[in-house]
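>>> show me the folded form of this:
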Amino acid sequence: MSPPAKRPTPKTAKTTITTSARSQAATAKRIQQRAQTIITTLETHKAETITQIDMRHTSIMDVMIIATGTSTTHLGALRDHVLRRLKRYRKAPPTRLEGNGTRWLVLDMGDIVLHLFTAEMRALYDLEKLWQKVDPVDSL
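Next comes the predicted model:
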């Protein structure tokens, strides 16, 4: 009699978790590279006070970028430069653009949201303070 044939080993949960973790890490890296592309473009075109906020603690987005322009014309130019740069490098284009010609422009790219403000509007809305990470409060 011949020895019994070996059965193939089924995939384990550990393999699935490792693959999922690798996939998440690759996605996070792509998001960070795209955020850096946006920040570099803003710096090149003289945006002021550029801030990147980690939003992974929310289900809304992964990264929020906030920058200040000197006028509505400057904001429009910054928006156009960012759009051209993302298109040139085949990065995902914004899914939604808001505020054309106003003092607050929003480019929503799903995992990254870019807010372009005039100084006056940025001070008024103060998104950095609004979205700062708050430590959980103990139950009473």
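>>> buried residues, stretch 63-78. List them.
For stretch 63-78, a neighbour-count test (16 or more other C-beta atoms under 10 Å) marks 63-69, 72, 74-78 as buried. Any C-beta I mention is one placed from the backbone N, CA and C, and that applies to glycine too.
>>> okay, those in TSV with pLDDT next?
Rendered in TSV, the data for the buried residues of stretch 63-78 read as follows (pLDDT from 0 to 100):
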residue	pLDDT
Val63	87
Met64	89
Ile65	93
Ile66	94
Ala67	96
Thr68	96
Gly69	96
Thr72	92
His74	95
Leu75	94
Gly76	92
Ala77	94
Leu78	95
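>>> tell me the one of the residues you listed nearest Ala28?
The nearest member of those to Ala28, counting by C-beta to C-beta, is Val63 at 9.9 Å.
>>> which of the buried residues of stretch 63-78 fall in helices?
Those of these mapping onto helices are 72, 74-78, per DSSP state H.
>>> of those residues, closest to Leu114?
Closest to Leu114, out of all of these and judged by C-beta to C-beta, is Leu78, at 9.0 Å.
>>> my read is that that closest one contacts Leu116, right?
Yes - with contact defined as C-beta atoms under 8 Å, Leu78 counts as touching Leu116 (5.5 Å).
>>> identify the contacts common to these two.
47, 67, 69, 105 (C-beta atoms under 8 Å, 6 or more residues apart in numbering).
>>> residues in contact with the third one?
Yep, that's Gly69 we're talking about. With C-beta under 8 Å, 6+ apart, Gly69 has these contacts: 47-48, 75, 77-78, 116-118.
>>> tell me the spacing between the nearest residue to it once chain neighbours are set aside and Leu42.
In space, and not counting its chain neighbours, Gly69 is closest to Leu75: 4.0 Å by C-beta to C-beta, 6 or more residues apart in numbering. Using C-beta to C-beta, to the nearest Å, Leu75 is found at 11 Å from Leu42.
>>> noted, bye for now.
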